[in-house]
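*Asks:* Sequence first, then the predicted structure:
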Amino acid sequence: MSQTVELSSDEKSYLEQHSVVYYGYDPAWHPLEFELNGEHAGISKDYCDLISERTGLVLKTHPEAKDWKSSLELFQKGEIQVLPCIASNDERLKTMDFSPAYLSYSFVIVTLKDGDFVGDLRDLSGKTVALPDGYAVTKLVEDTHKGINISYQEDVKACLMEISSGKADATIANLAVASHYLNYEGFENLKIAAPTDFPNIETRFAVSKGDTVLLSLINKGLNTITAEERRDIVQHWVSVTYEHGVDMARIWRIALICIGITLVIFIVIFIWNRKLKKEITLRQAAEAELQESYNEISDQKMIIEMKNDEVLDSIKYAKRLQEAIMPSLETINEQLPKNFVLYKPKDIIAGDFYWFDTVKSKSNEDGEEVTQMFIAAADCTGHGVPGAMVSVVCSNALNRSLLEHHIYDPGKLLDKTTDLVIDRFSKSEDNVKDGMDISLCSITYRTNHVDVNYAGAHNNLWIISKSADLGFETKCVANETEDLFLHEVSATRQPVGKFANRKPFETKKMKLGLGDRLYLYSDGFADQFGGNMGKKMKSKAFKKLVLSLSHLKIQEQCKFLDEAFENWKSDYEQLDDVCVIGIEL
């Protein structure tokens, strides 16, 4: 087998002494690795094949490695030299050396669709959680969440069966594996309930501790695999990232054949009387060719329709995943009873999202415990599938900034979120500048007033109050018919993401009264084309519309805003995702 990497003398000697290097795998860890027709298949198999091709290292599955448990036992005995798809942890580092990570996925919680609400790992305390024996995630739960009752199972599928049959309340798995089983293995009564705060699982190659030459060969093989090849491998096995295309060159060839056939038929008619016998033969041949072309076009049409259905199914499933990471309206209503959320994605999934969470802290005023509520309307770069992917990164960064780093000042929270978003996208070889615009408030109820702290990236905050002076600088617009005023609090003019002249986000601290109303929004409503002139609504008209609804209860305003948007849009295509949040203090 040809080698495409430069090998040291020790590495060449190793290849001469080891005609075959055995490895083990998990036959039930779709799509990372699994068994297909009795053979190893999946993402890790493709990586093994490329490393073998480019280093000369002959990697084969061990005939006695029937499952993950037996693979680990054979590895410990030295009969297996490589584990190609494994996560590193402190216990494994004692006996194993690892390659750099070649794939990363987050952990998610899977529950029954109609089961108890689960928003994070804390909600699993006291519940029975099915986990695969010997997996890295099982060790994480054992070490960090002592209050969870673990039911040890053979593999991920067995864990899902425990939940589906009601014997367990939940399981924890990486997103790719959970998505595959819920989408394709018949677990229709299960759902991905929430993300976890565990670090992403990173899959690596593992060799026995001290086997430096074998690890060097594997690392050299991994280094030859390009970013494009890595994307192709993942797209081949992970259904939610498939993007099916149409071979337009073939379609044009077929169209040209049809045009040619039509010209032939006209020529045949023109010379019919002169060469009747010859024309009959030509016509029969042309009709046969036309029928063949028609059959080919029909087949292509069927393939295109099937692939379109597959893409649509993947996008619909991605919508379920995106809905799982956003807070439920019931959760918001429990803390802020007087509110509405108008959420209108342009496509099935969106780049806009809304975010909500709470923390408890000691009050500076009387030392009692108070609840600080955080709510935001965010607009990520793009819409549809690309926008939704960015929204997952940004939402996760907000959660980590609040819950891991314990940052409760909105401006500093956006600063940390920016750091996390930039760090996540910097791992790509491409210069990714995606991010989000956001309006973020923290709300804390006091005895005689409400503390509202605000920070924004491009998106301003609107406050409707009976007072013309709130004690801080705002742009103020008065209602023509009622004694109400709309105050606009300015955001920092930079995005959450990579920015040339980045500066700290400014926190605006306000003391507001009960009955004052807050409005957080993305730019989708004001930027929509419509009306008699087919122009954008713009911010001024949007403000006027919001003020005109001041006589309504806050919950009733959502319906009227939705109707106003649809009437304005009329027959025009929706330009962007729309997210508007209203809160009465």
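*Replies:* Cool, got the structure.
*Asks:* All the helices of the stretch 301-450 of the chain, in order from the start?
*Replies:* Counting by DSSP state H, counting those that start in this stretch, the segments of the stretch 301-450 of the chain that form helices are 329-335, 384-399, 410-426.
*Asks:* deepest of those, which one?
*Replies:* helix 384-399 (a mean of 22; mean count of other Cβ atoms under 10 Å). For every residue, glycine as well, the C-beta is placed using N, CA and C.
*Asks:* quick one: contacts of that one?
*Replies:* 106, 195, 197, 315, 318, 321-322, 325-326, 346-353, 355, 357, 376, 378, 380-382, 413, 416-417, 420-421, 424-425, 434-436, 496, 577 (Cβ atoms under 8 Å, 6 or more residues apart in numbering).
*Asks:* quick one on the thing from earlier: take the helices of the stretch 301-450 of the chain and lay them out in CSV including mean pLDDT and distance to residue 186.
*Replies:* Formatted as CSV, the helices of the stretch 301-450 of the chain follow (pLDDT from 0 to 100; distance: least, Cβ to Cβ, whole Å):
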stretch, mean pLDDT, distance to residue 186
helix 329-335, 91, 29
helix 384-399, 85, 26
helix 410-426, 91, 34
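*Asks:* could you redo these as TSV and give each row distance to residue 141?
*Replies:* Shown next, in TSV, are those (distance: least, Cβ to Cβ, whole Å):
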stretch	distance to residue 141
helix 329-335	24
helix 384-399	19
helix 410-426	24
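*Asks:* how about those helices, which one is nearest residue 290?
*Replies:* Nearest to residue 290, of all the helices of the stretch 301-450 of the chain, is helix 384-399, at 39.2 Å by Cβ to Cβ.
*Asks:* Alpha carbons of stretch 149-168, as CSV, please.
*Replies:* Below are the C-alpha coordinates for stretch 149-168, written out as CSV (Å, rounded to 0.1, in the frame of the first residue of the first chain):
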residue,chain,number,x,y,z
ASN,A,149,-29.8,7.0,40.2
ILE,A,150,-27.9,5.2,37.4
SER,A,151,-29.3,2.2,35.7
TYR,A,152,-26.3,0.6,33.9
GLN,A,153,-27.1,-0.8,30.4
GLU,A,154,-25.1,-2.5,27.6
ASP,A,155,-25.3,0.4,25.0
VAL,A,156,-27.2,3.5,24.0
LYS,A,157,-30.0,1.6,22.3
ALA,A,158,-30.6,-0.4,25.5
CYS,A,159,-30.8,2.9,27.4
LEU,A,160,-33.4,4.3,25.0
MET,A,161,-35.5,1.1,25.4
GLU,A,162,-35.5,1.5,29.2
ILE,A,163,-36.9,5.0,28.8
SER,A,164,-39.4,4.0,26.1
SER,A,165,-40.7,1.2,28.3
GLY,A,166,-41.0,3.4,31.4
LYS,A,167,-38.2,1.7,33.4
ALA,A,168,-36.0,4.8,33.4
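*Asks:* Setting aside sequence-adjacent positions, which residue approaches residue 581 most closely?
*Replies:* residue 520 (4.4 Å; Cβ to Cβ, 6 or more residues apart in numbering).
*Asks:* Report the contact partners of the one you found.
*Replies:* Neighbour list for residue 520: 375-377, 439-441, 459, 461, 580-581, 583 [criterion: Cβ under 8 Å, 6+ apart].
*Asks:* Paired strands for the stretch of helix or strand it belongs to, with orientation please.
*Replies:* Following DSSP states H and E, one finds residue 520 within strand 517-521. The strands beside strand 517-521 in its sheet (DSSP bridges) come out as strand 461-465 (antiparallel), strand 578-584 (antiparallel).
*Asks:* separation between the residue of the chain positioned farthest from its centre and residue 267?
*Replies:* The C-alpha centroid of the chain is most remote from residue 274, which lies 68.8 Å away (Cα atoms, centre = their mean). Note on residue 274: its distance to residue 267, by Cβ to Cβ, to the nearest Å, is 11 Å.
*Asks:* quick revisit: which one of the contacts of residue 520 is nearest to residue 214?
*Replies:* When the contacts of residue 520 are compared against residue 214 (criterion: Cβ to Cβ), the nearest one is residue 376, at 49.0 Å.
*Asks:* For that closest one, the count of nearby residues, please.
*Replies:* Residue 376: 28 surrounding residues under other Cβ atoms under 10 Å.
*Asks:* Equivalent analysis for residue 553, please.
*Replies:* The tally of other residues near residue 553 (other Cβ under 10 Å) stands at 10.
*Asks:* again with the one 10 residues further on
*Replies:* Neighbours of residue 563 under the rule other Cβ under 10 Å: 10.
*Asks:* List buried residues within the contacts of helix 384-399.
*Replies:* Judged by neighbour count, with 16 or more other Cβ atoms under 10 Å as the criterion, the buried members of the contacts of helix 384-399 are 106, 195, 315, 318, 321-322, 325-326, 346, 349-353, 355, 357, 376, 378, 380-382, 413, 416-417, 420-421, 424-425, 434-436, 496, 577.
*Asks:* ok, now which ones touch residue 408?
*Replies:* Neighbouring residues of residue 408 by Cβ under 8 Å, 6+ apart: 359, 361, 372, 402, 442.
*Asks:* ditto for residue 515
*Replies:* 466, 584-585.
*Asks:* would you say it is within a strand?
*Replies:* No - the assignment for residue 515, made by DSSP: H, G, I helix; E, B strand; the rest coil, is coil rather than a strand.
*Asks:* re the thing from before, show me what secondary structure element comes after the strand holding residue 520.
*Replies:* strand 529-530.
*Asks:* For the stretch 251-400 of the chain, just list every one of the strands.
*Replies:* Ranges of strands in the stretch 251-400 of the chain, per DSSP state E, counting those that start in this stretch, are 339-344, 352-362, 369-380.
*Asks:* Lowest mean pLDDT across the ones you listed, which one is that?
*Replies:* Mean pLDDT is lowest for strand 352-362 among the strands of the stretch 251-400 of the chain, at a mean of 88.
*Asks:* And for residue 110, the neighbour number?
*Replies:* Residue 110: 27 neighbours (other Cβ under 10 Å).
*Asks:* for it, phi and psi?
*Replies:* Residue 110 adopts backbone torsions of phi -110, psi 130, taken as degrees, to the nearest 10.
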